[in-house]
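Asker: Could you look at this predicted model? Sequence included:
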Amino acid sequence: MRVSPWGFGGAVIGNLYREVDDGTAAATVDAAWNAGVRYFDTAPHYGLGLAERRLGTALAGRPRHEFAVSTKVGRILDPVDNPRGTRDDAAGFAVPADFARRWDFSADGVRRSLESSADRLGLDHVDLVLLHDPDDHWQQAVDEAYPALHDLRAQGVIGAIGVGMNQWPMLHRFATETDVDAVMLAGRFTPLDSSGEPLLDECARRGVSVLVAGVFNGGLLATDDPAAHAVYDYRPAPPHLVARARRLAEICHRRGVSLPQAAIAFARRHPAVASVVLGARTPDEVRGHAEAFDAPVPEELWEDLAEAG
């Protein structure tokens, strides 16, 4: 499986936090394609299936061999009665609560979830399947879900397998105790929180690819004014982190580097990283990512940051 150096993260087109209309979602995926993105990540969790449906529609008609798609398993979407179309999705997606998420890392759950995802995506196969957030489900995930994915990979039903999480210690266990191809680490390899570096070092030794997501830590590093988007890991950022982000911005500006540019470049520096996954809500955001991704960052910046602690 080949991935582009930066990938498109599909949570936002699943109406994360607020609604995105169908046209804007399609145009955003088109903009990513035009910018050279050929790796697209999504999950049933994102908008209760909306992100998968929108991504599948946007990619329809493009040569299948030219792009790779990853989706995730671990949450089953059970339909529920929602006659008034109420929008009370507790996970933060602005979508009708027509489904309820249910944790399921059983072998049968994996197969059911993957089959449903393929239907929503309109694809005959998925290139990479990730166990999604098994934080509280290690035993079932490693005893049932992982062997099921291992078998599907061996049968050629899926291309590659891995795990995606917001923490690194359990990903380290998967990388060392199983035969996964990749891990997706969100938010733990950024200028504000590089705690996941031991995982990346181990993955480099073992030949496990790392997909780095959450490089803006949920929003705090997304602009040159951290206070304007003071969200950290999906929650309001505490004052001490806002202050640290401002200090980061000051140091970056002295080298002519924007804060989001530095966040992206930081993630790219490690040899284990195969792709940096960036979410976007609009075509303009995609173009901003492309500009930041391509802009050079002087090596002296990392020395400045290290000296500043």
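Answerer: Here it is on my side, so go on.
Asker: contacts and neighbour counts: CA atoms only from here.
Answerer: OK.
Asker: ok, residue 86 - contacts?
Answerer: Taking Cα atoms under 8 Å, 6 or more residues apart in numbering, we find residue 86 in contact with 96, 97.
Asker: Quick check: the gap between it and residue 22.
Answerer: According to Cα to Cα, to the nearest Å, residue 86 stands 19 Å off from residue 22.
Asker: swap in residue 175?
Answerer: To residue 22, residue 175 is 37 Å away according to Cα to Cα.
Asker: Compare the two (neighbour count), which wins?
Answerer: residue 175 (24 against 15; other Cα atoms under 10 Å).
Asker: in a helix, that's where that one is, yeah?
Answerer: Yes: judged by DSSP: H, G, I helix; E, B strand; the rest coil, residue 175 forms part of a helix.
Asker: mind listing what it touches?
Answerer: Per Cα under 8 Å, 6+ apart, neighbours of residue 175: 183, 202, 203, 206, 208.
Asker: Can you tell me which of the residues you listed has the most neighbours?
Answerer: Counting neighbours by other Cα under 10 Å, residue 183 leads these with 27 neighbours.
Asker: Work out for me the element that one sits within.
Answerer: If you go by DSSP states H and E, residue 183 is part of strand 182-186.
Asker: Now do the most centrally placed residue in the chain against residue 167, distance only.
Answerer: Nearest to the geometric centre of the chain sits residue 213, at 4.5 Å (Cα atoms, centre = their mean). In this view, residue 213 and residue 167 are 12 Å apart by Cα to Cα.
Asker: Same check on residue 136?
Answerer: Distance, residue 136 to residue 167, using Cα to Cα: 12 Å.
Asker: same deal with residue 220?
Answerer: Distance from residue 220 to residue 167, counting by Cα to Cα: 18 Å.
Asker: So the two - more neighbours on which side?
Answerer: residue 220 (27 against 17).
Asker: The more buried one against residue 227, yeah?
Answerer: Yes: when contacts are counted by Cα atoms under 8 Å, residue 220 is listed as touching residue 227 (7.4 Å).
Asker: Need the residues touching each of these two.
Answerer: residue 242.
Asker: who does the strand holding residue 183 pair up with?
Answerer: strand 160-165 (parallel), strand 209-213 (parallel) (DSSP bridges).
Asker: okay, and the common contacts of residue 213 and residue 167?
Answerer: Counting by Cα under 8 Å, 6+ apart, the contacts common to residue 213 and residue 167 are 185, 186.
Asker: Please report the number of neighbouring residues for the nearest residue to residue 273 once chain neighbours are set aside.
Answerer: Once flanking residues are discounted, residue 273 sits nearest to residue 210: 4.7 Å by Cα to Cα, 6 or more residues apart in numbering. Close neighbours of residue 210, defined as other Cα under 10 Å, add up to 24.
Asker: go on, the one 5 residues further on?
Answerer: Residue 215 sits with 30 neighbouring residues when counted by other Cα under 10 Å.
Asker: so how far is residue 112 from it?
Answerer: 31 Å.
Asker: hang on, residue 129 in a helix?
Answerer: No: Residue 129 is assigned strand when assessed by three-state DSSP, not a helix.
Asker: which ones are touching it?
Answerer: Residue 129 sits next to 70, 71, 72, 73, 149, 158, 160, 161, 162, 163 when contact means Cα under 8 Å, 6+ apart.
Asker: before we move on, which element is the third one in?
Answerer: For residue 72, the enclosing helix or strand under DSSP H and E is strand 68-73.
Asker: Output the contacting helices and strands for that strand.
Answerer: strand 39-41, helix 107-121, strand 128-132 (3 or more Cα pairs under 8 Å, 6 or more residues apart in numbering; DSSP states H and E).
Asker: Out of the ones you listed, flag the one nearest residue 302.
Answerer: Closest to residue 302 of the helices and strands packed on strand 68-73 is strand 39-41 (Cα to Cα; 28.0 Å).
Asker: ok, residues contacting the helix or strand following that closest one?
Answerer: Downstream of strand 39-41, the first helix or strand assigned by DSSP H and E is helix 50-59. For helix 50-59, contacts defined as Cα under 8 Å, 6+ apart pick out 10-15, 22, 25-26, 29-30, 42-44, 46, 117, 120-123.
Asker: thinking again about what came up before, among the helices and strands packed on strand 68-73, which is nearest residue 240?
Answerer: Of all the helices and strands packed on strand 68-73, strand 128-132 comes closest under Cα to Cα, at 30.0 Å.
Asker: And the average pLDDT for that closest one is what?
Answerer: When pLDDT is averaged over strand 128-132, the result is 98.
Asker: Likewise for stretch 89-99?
Answerer: According to the model, stretch 89-99 has a mean pLDDT of 89.
Asker: count of neighbours near residue 174?
Answerer: Count around residue 174 with other Cα under 10 Å applied: 20.
Asker: Against residue 140, how distant is it?
Answerer: In this view, residue 174 and residue 140 are 13 Å apart by Cα to Cα.
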